[in-house]
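Trainee: Sequence first, predicted coordinates after that:
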Amino acid sequence: MITVTRLFVRRIISDWKYQYQVWKTAVDWIVALYIVIPFFAIFMNYYLSWWRRAPEWLAYIPFNALLAIILLFAWSGTIRIFVEDADQLFLLQCNAWISRIMTYSLGYSIIYNFVMTSILLIILAPFLLLYYGFSSIGVVWLTVFVFVLKNCMGLAKQLVELRFKGWTQRIVRTVIFIITGVFVRESVVLLLSRPGLFYLSLFVLISTLGIFLDKRMKLRGTFFEDVAREQTEKLRLAKFMLQAAGVYVKKPRFTRKRPLLFRNSNLIFKRRNPVNGLVEMCLKAVLRNEGDVGFYLELVGVYLVMIVAFPGDYKWLLWVVFSIMLTNVVRISWLEVIKLPFVCLFPWLPETKMVAARKTIFLMALPGQLLLGLVVVLQTRSWLETLGMVPIGIMIGYFSAKKVSLKL
Amino acid sequence: MELLKVNINHAGYSSNTDVIKNVALSVKSGELVGLIGPNGAGKSTTIKAIMGLLPVMDGKVEFAGESKNYAYIPEQPVLYEGLTLWEHLELAAAAYEIKRKVFVPRADDLLKLFHLTEVKHHLPGTFSKGMQQKVMLILGFLLEPSVYVVDEPFIGLDPRGTKDFLAHINQARAKGAGVLMSTHVLDTAEKICSSFVLMNAGTIVSRGTLMEIREQCQLPKDSLLDCFDKLVGNS
């Protein structure tokens, strides 16, 4: 007879099998033999050498970078609730079953987080012990701290998602992230300097986790959001691999009735033809997708930091390299749009698609390219080159877009 | 005048298995041909073969008529949630190079007919299934093609939507368009279709007007459903 425990175990096994299948498609035995195993062996060799002597490059990594790693690790991931769409037919009526599935799911996620935290801290241990001045017991306490923090963050993000929507949600998440950042910094500093106060902050964290767990268990009416989240989590790896292979993956549904940008379906191009129609659609689709815009800004941000960090003449070289790289990245957005089932309903000529690709990729990459160029000019103060920067930037953008669109 | 002529020897999703075989049908100007059959009979596969969407296809599909174009209205709404309803129409107009002075009034009329004017600048991801289906119908009608290939149009449509759809289809037929429509809704099909193609197990088991099908079944006064039941039951 099927019991709730068996049902849950079956779901966990099925999830592991699914993830294994996804891995297997990407990492077949040839990849494993020639890439993964050698890479692992090299890593282990380095890792063991770190235990003998801290690597010299650690001198370039500030303490704050270590804290940032801890914060980002704790912030990443979620607490999974193993519910499925079909549960609404029968299971949803059985409170006892649903509530036990919820308990088991929380327990499973907590154990999973413990394993992941332990792996991270085992990797970081030689740096912590030999370079950053932690004691062995200090590393153990840090592991406990990160583990509790990761569970707290997972639940906090989930509770915020269930309670707030849209911009409010984003603001609340950002505030929590900043507060957590400060909390992590202070707590780790306390662990090194005043352990007594660190235990106090750990106690506060454990209490918060208890409150969050209790709140999550008692929350009702979240079934559909739990199912959607679980689906996203289950498909995360598969989606990543499909996108890496250039396959169109349906993006989450827009919850807004009307878009924020081009609210009245305003036209971008006055001249209407198939090329402009495709370009306009792609630009609007990307500009309206917060994820795509965020990714673009993050990427430009990273390029910007690298340009700022590198000395004099390299900045110009980096600008050219990053301009070309940016073109290649925005090409992915184009590929996603052109493979949309709706777009495939219409008979586009190959020439139309190629010209539209060139125009779209050029227009999407240009703002980032010009911004990076502007930073180079401001930093090098070579105002004469400023005059040349705009046309050169446009030329680089145009020719790299042309080259990329020919590959499509 | 024959607007669509289909002659499929065999077609399917892989070379090992044929999903449909020996399917021959035609759609004349002003005609509404009902493609009917039980689940898994091969109706949607036939439509996909006509659209050229199947990897394996041995046969010939010819579109005739003045414009030689067709509109395909799929069973499942295929929409892009990042674009507003009006932008979907804009893209279709751009793809088919419909002149702006023709496109704008035509699109406005269709939105009015299907009661979607109020939401024309909304994102269709928030629409109900029926509203999304209406968007697909509007996209089809926007092109004013010589042939309409419609897959299960009544799924998700409310009675008023069904009525508006039928009225517009009849208008198009009156202007000379031909329609191939796959459907399960036999009572409606019986009232509106000029002829039928009945499929079962991947092939055609009967064809003709309701009268001719009744004769084949020897059920002179029975409904299309009864004839369907007898033909599918016997084959």
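Mentor: Perfect, I can see it now.

Trainee: At the geometric centre of the chain, which residue do we find?
Mentor: No chain specified, so I'll use chain A. A:Ser76 (7.9 Å; Cα atoms, centre = their mean).

Trainee: I was after chain B.
Mentor: B:Val150 (1.2 Å).

Trainee: Let's verify that residue: helix, strand, or coil?
Mentor: strand (DSSP: H, G, I helix; E, B strand; the rest coil).

Trainee: what does A:Ala54 give?
Mentor: Once three-state DSSP is applied, A:Ala54 turns out coil.

Trainee: Now for chain B: which helix has the highest residue count?
Mentor: helix B:159-174 (DSSP state H).

Trainee: tell me which parts of chain A are close to chain B?
Mentor: A:251, A:253-259, A:262-265, A:267, A:272-274, A:276-278, A:280-281, A:284-285, A:288-289, A:340-343, A:345-348 (Cβ under 8 Å from any Cβ of the partner chain). In this view, the C-beta of every residue, glycine as well, is placed from N, C-alpha and C.

Trainee: again, only using 6 Å
Mentor: Proximity of chain A to chain B, by Cβ under 6 Å from any Cβ of the partner chain, involves residues A:253-254, A:257-258, A:264-265, A:272, A:274, A:277, A:281, A:285, A:288, A:340-342, A:346.

Trainee: what about the residue nearest to the centre of chain B, distance to chain A?
Mentor: Distance, B:Val150 to chain A, using Cβ to the nearest Cβ, to the nearest Å: 14 Å.

Trainee: That residue reaches B:Pro74, doesn't it?
Mentor: No - if you go by Cβ atoms under 6 Å, B:Val150 and B:Pro74 don't touch, sitting 8.8 Å apart.

Trainee: can I see the domain layout of chain B?
Mentor: Chain B breaks down by automatic domain parsing into domains covering B:1-69+B:146-152+B:181-235, B:72-144.

Trainee: Rebuild the ones you listed as TSV, extending it with mean pLDDT.
Mentor: Putting these into TSV (pLDDT from 0 to 100) gives the following:
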stretch	mean pLDDT
domain B:1-69+B:146-152+B:181-235	87
domain B:72-144	89
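
Trainee: so B:Val33 is in which element?
Mentor: strand B:32-36 (DSSP states H and E).

Trainee: Between strand B:32-36 and the helix or strand following that strand, find me the angle.
Mentor: Once the chain leaves strand B:32-36, the next helix or strand it forms, by DSSP H and E, is helix B:43-51. Orientation check (axes from the mean of the first three to the mean of the last three Cα atoms, to 10 degrees): helix B:43-51 against strand B:32-36 gives 130 degrees.

Trainee: after helix B:43-51 comes which helix or strand?
Mentor: Next in sequence after helix B:43-51, counting helices and strands by DSSP H and E, comes strand B:56-63.

Trainee: returning to what we had before: show me what the longest helix of chain B packs onto, helices and strands only.
Mentor: helix B:129-142 (3 or more Cβ pairs under 6 Å, 6 or more residues apart in numbering or on different chains; DSSP states H and E).

Trainee: Swap in 10 Å and give it another go.
Mentor: Counting contacts by 3 or more Cβ pairs under 10 Å, 6 or more residues apart in numbering or on different chains; DSSP states H and E, helix B:159-174 is packed against strand B:32-36, helix B:100-113, helix B:129-142, strand B:147-151, strand B:178-182, helix B:186-192.

Trainee: Whichever residue of the stretch 201-350 of chain A sits closest to chain B in helix, strand or coil?
Mentor: Residue nearest to chain B within the stretch 201-350 of chain A (Cβ to the nearest Cβ): A:Gly277, separated by 2.4 Å. Look at A:Gly277: counting by three-state DSSP, its state is helix.
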